[in-house]
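K.L.:
could you look at this predicted model? Sequence included:
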Amino acid sequence: MPSGALLFQSIILGLLLGGLYALLAAGLTLYFGIMRVVMIAHSAFLILAAYLAWWTSTELGIDPLLSMVVTVPLFFAAGVLLQRGLLSRLRPVTLTMMSVLITFAIALMIEGLLGYAFSGTQRRIQLSYGTASLELFGARVAVVKLIAFGLAAVSLAGLYVLMKRTQFGWALRATIQHRDAARLVGIDTERTAGFGFGLGLATAAVGGTALSLDTTIYPSLHWHWIGPLMAIIVVGGLGSVAGAAAAALLLGLAQSLLQIPMGATWAQTVFYVALFATLAIRPQGFFGGRLAQRF
Amino acid sequence: MPNASDATAAGLRAPGKWLPLGAAGLLIVAIAAFPSLAPNPYILSSGVIVLNWAVLATSWNFVGGFTGYISLGHGALAGLGGYATGLLITKAGIPSFVALLVAALLVAALAVPIGFAALRVRGASFVIVSIALVLILLLVFQSWSSVTGGSRGLVVPRPFPGMLRPEHHRVFFFLYGGLLLLALATWWLLDRSRFGLGLKAIREDEDKAESLGTPTFAYKLTVFVVSAAFTALAGGLYALWFGDLDPVFQFSVLTGSYIVLMALLGGVRNLYGPVLGAIVVGVALEYFKVEFGNSPLHLVTTGLLLGLVVMFMPDGVIPSLGGLVQRLRKGEQSSIREMTAADLAEQRKREREGASS
């Protein structure tokens, strides 16, 4: 039996990790809600943002967090372009399948270009506060992990306020709930859908910057993220932001706790076990997920 | 008697009875002749690799072509077939080709629970599971090194120990050729069966198919298992031929994406589409490997090609070219992909006229 302090530390780390998962899963959920698109390239954009943060830090010598000033608007624009230029032009009948292939192709291209531009070498940001940590009831928590969690929490809260309190958020939710009805009440669903995609991809920019603070990155890293993220949105119930957030925290916690007896590699399997169990037992997901029934 | 131009027009629109048979004859002749035409063993081994791709793409097409469910994880099923064959030979001491068959049965059995989880709902979950399958198997086969050899790989003993390498390539070329013909024949039979009709109904409109009484889940699961078995046979044969398995290559997401690219490029609604795609993409892959080695630009090119195919010819080369020819001929083309009722009526009318004149 591991000691109480170790257990507590794992719980804290698991929750911090879960926060990042929740932010990224929120992006995936947005895409799925808007267009029933499973966006494989989400995690590739995540790694791209991490690389841009690393580049900012090593080449320009400024804090990697500042890279978000550029990456967030850039990714927002890329998301709008992706939806308007590619995904909305696919045949509606085969949209789900073909959009997977398109986004998969984009993921391959990003991975290839990253490998070409920065080589396959593992990269890591050196920060002055990189090794600092806080004592919290006997658990040591790295400051960078707290910053990453803070970024995720602030963006998630921002997303929540945007969705619930602004006119754009209402339009977006209406588009997700019933596109035809939304169009009938005068919402420009095409434009809203494009902006929704931009918003989703912006979460990848924030997430990637947060990730780069304390993770060693390499071009093919995105495969290690897309699996867990997809498991999270299925367990949460495809299309439910709250469900995805709950599943993200739960699975992040489970992964962190299982690392104690099983080691880091085998602990990752918890996502896949959860994915298969969910699909076999309750395909619509464990937390809401009204949409998932038919997808 | 219908005149010659009628026959070619009908042949283009709905390849008649003789076109597939003629193509089959051509394929058999090509497979039989290639080993003696190949100038050196390297070209012959490339031929084996291309045939491997052709079998994989055709096996994939059982699911992708009939039901429209796109699997990105078939590379993992092939890898599983390869590892199962290798492990059965090295750990259980079973003769090579018996091990190959047992491995295919094992993978088919494993495909039942995988398919059960993946196919209960619609496409999105299926794709997610297919990618997850690759990732989880890579994780397991790399980490579980006491059984699988981990990253050091697994050496599979050769089935014909005394055989020289060119001869070995030749034997496996014919084995793959036989497997390809078997897969094509099975696809052709399914295509004409009631079962195949049900699968195509799922592709066109799963809700309607279900409401008309097609047991959609059972059909999807069955065809997934058949597809997995053929894929595993190809993977197992590869293990016997190549003799060395590495989890990074056996459970690579790229394998699955090459398969999808081949099938889509050739055309998933056509018996020979995946074979054609496999020849084009497979030869290109081998060529680029020789010219440029393994570089990250492989990924970029694959991604770009896949994107272009999905955007501009999601039905593949054969239907696109056929459509182009037809458009040039007639000036307009229907959007319905197989055959419209009007076309059918017209064709019947022509046949009647042909019979009466």
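P.N.:
Yep, it's here. All of these numbers come straight from a predicted model, not from anything done at the bench.
K.L.:
any idea what sits nearest residue B:209, other than its immediate chain neighbours?
P.N.:
Nearest residue to residue B:209, sequence neighbours excluded (C-beta to C-beta, 6 or more residues apart in numbering or on different chains): residue B:201, at 3.7 Å. Yep, even glycine has a C-beta here, placed from its N, CA and C like the rest.
K.L.:
what's the helix or strand for the one you found?
P.N.:
helix B:194-204 (DSSP states H and E).
K.L.:
what packs against that helix?
P.N.:
helix B:41-67, helix B:206-211, helix B:216-242 (3 or more C-beta pairs under 8 Å, 6 or more residues apart in numbering or on different chains; DSSP states H and E).
K.L.:
switch the cut-off to 6 Å
P.N.:
helix B:41-67, helix B:216-242 (3 or more C-beta pairs under 6 Å, 6 or more residues apart in numbering or on different chains; DSSP states H and E).
K.L.:
out of the ones you listed, the one nearest chain A is which?
P.N.:
Counting by C-beta to the nearest C-beta, chain A lies closest to helix B:41-67 out of these; the figure is 8.8 Å.
K.L.:
ok, residue B:229 - how many residues close by?
P.N.:
Using other C-beta atoms under 10 Å in any protein chain shown, residue B:229 has 24 other residues around it.
K.L.:
neighbours of the residue nearest to it when sequence neighbours are not counted, how many?
P.N.:
Leaving aside its chain neighbours, residue B:229 sits nearest to residue B:108 (4.0 Å; criterion: C-beta to C-beta, 6+ apart). Residues lying near residue B:108 (other C-beta under 10 Å) number 21.
K.L.:
export the helices and strands packed on helix B:194-204 to JSON lines and tack on distance to residue A:278?
P.N.:
Formatted as JSON lines, these follow (distance: least, C-beta to C-beta, whole Å):
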{"stretch": "helix B:41-67", "distance to residue A:278": "22"}
{"stretch": "helix B:216-242", "distance to residue A:278": "17"}
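K.L.:
so the residue nearest to residue B:229 sits in a helix?
P.N.:
Yes - counting by DSSP: H, G, I helix; E, B strand; the rest coil, residue B:108 is located in a helix.
K.L.:
any idea what residue A:140 is bridged to?
P.N.:
residue A:135 (DSSP bridges).
K.L.:
before we move on, the earlier item: now do the buried residues in the helix holding residue B:201.
P.N.:
B:195-203 (16 or more other C-beta atoms under 10 Å in any protein chain shown).
K.L.:
need the CA coordinates for the helix or strand bottoming out on mean pLDDT in chain A. PDB is fine.
P.N.:
Sorting the helices and strands of chain A by mean pLDDT, DSSP states H and E puts strand A:133-136 at the bottom, at a mean of 74. What follows is strand A:133-136, C-alpha atoms only, in PDB (Å, rounded to 0.1, in the frame of the first residue of the first chain):
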ATOM      1  CA  SER A 133       7.500  23.400  -6.600                       C
ATOM      2  CA  LEU A 134       5.100  24.100  -3.800                       C
ATOM      3  CA  GLU A 135       4.500  22.200  -0.700                       C
ATOM      4  CA  LEU A 136       0.900  21.400  -0.200                       C
END
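K.L.:
how many other residues sit next to the nearest residue to residue B:159 once chain neighbours are set aside?
P.N.:
Excluding the flanking residues, the one nearest residue B:159 by C-beta to C-beta, 6+ apart is residue B:96, at 3.6 Å. Residue B:96: 18 surrounding residues under other C-beta under 10 Å.
K.L.:
who touches residue B:96 in this structure?
P.N.:
When contacts are counted by C-beta atoms under 6 Å, 6 or more residues apart in numbering or on different chains, residue B:96 is found next to B:89, B:159, B:240.
K.L.:
assign the second one to helix, strand or coil.
P.N.:
Yep, that's residue B:159 we're talking about. Look at residue B:159: counting by three-state DSSP, its state is coil.
K.L.:
look up how far chain A lies from it.
P.N.:
According to C-beta to the nearest C-beta, to the nearest Å, residue B:159 and chain A sit 34 Å apart.
K.L.:
what's the following helix or strand after the lowest-mean-pLDDT helix or strand in chain B?
P.N.:
Least confident helix or strand, chain B: helix B:4-13 with a mean of 43, by mean pLDDT, DSSP H and E. Using DSSP H and E, the helix or strand that follows helix B:4-13 in sequence is helix B:18-37.
K.L.:
average pLDDT for that next one?
P.N.:
The average pLDDT within helix B:18-37 is 86.
K.L.:
tell me which residues in that helix are buried?
P.N.:
Across helix B:18-37, burial judged by 16+ other C-beta under 10 Å covers B:20, B:23-24, B:27, B:31, B:34-35.
K.L.:
with only the CA atoms kept, save that helix in CSV.
P.N.:
Taking Å, rounded to 0.1, in the frame of the first residue of the first chain, the C-alpha atoms of helix B:18-37 are listed here in CSV:
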residue,chain,number,x,y,z
TRP,B,18,-17.5,-10.1,-68.9
LEU,B,19,-15.5,-7.2,-67.7
PRO,B,20,-14.8,-8.5,-64.1
LEU,B,21,-14.0,-12.0,-65.6
GLY,B,22,-11.6,-10.4,-68.1
ALA,B,23,-9.9,-8.4,-65.4
ALA,B,24,-9.6,-11.5,-63.3
GLY,B,25,-8.0,-13.3,-66.2
LEU,B,26,-5.6,-10.4,-66.7
LEU,B,27,-4.8,-10.4,-63.0
ILE,B,28,-4.1,-14.1,-62.9
VAL,B,29,-1.8,-13.9,-66.0
ALA,B,30,0.0,-10.9,-64.5
ILE,B,31,0.5,-12.7,-61.2
ALA,B,32,1.7,-15.9,-62.9
ALA,B,33,4.1,-14.0,-65.3
PHE,B,34,5.6,-11.4,-62.9
PRO,B,35,8.1,-13.5,-61.1
SER,B,36,9.7,-14.7,-64.4
LEU,B,37,9.6,-11.1,-65.8
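K.L.:
packing partners for it?
P.N.:
helix B:165-192.
K.L.:
buried sites along the helix it packs on?
P.N.:
Buried, per 16+ other C-beta under 10 Å, within helix B:165-192: B:168-177, B:179-181, B:183-184, B:186-188, B:190-191.
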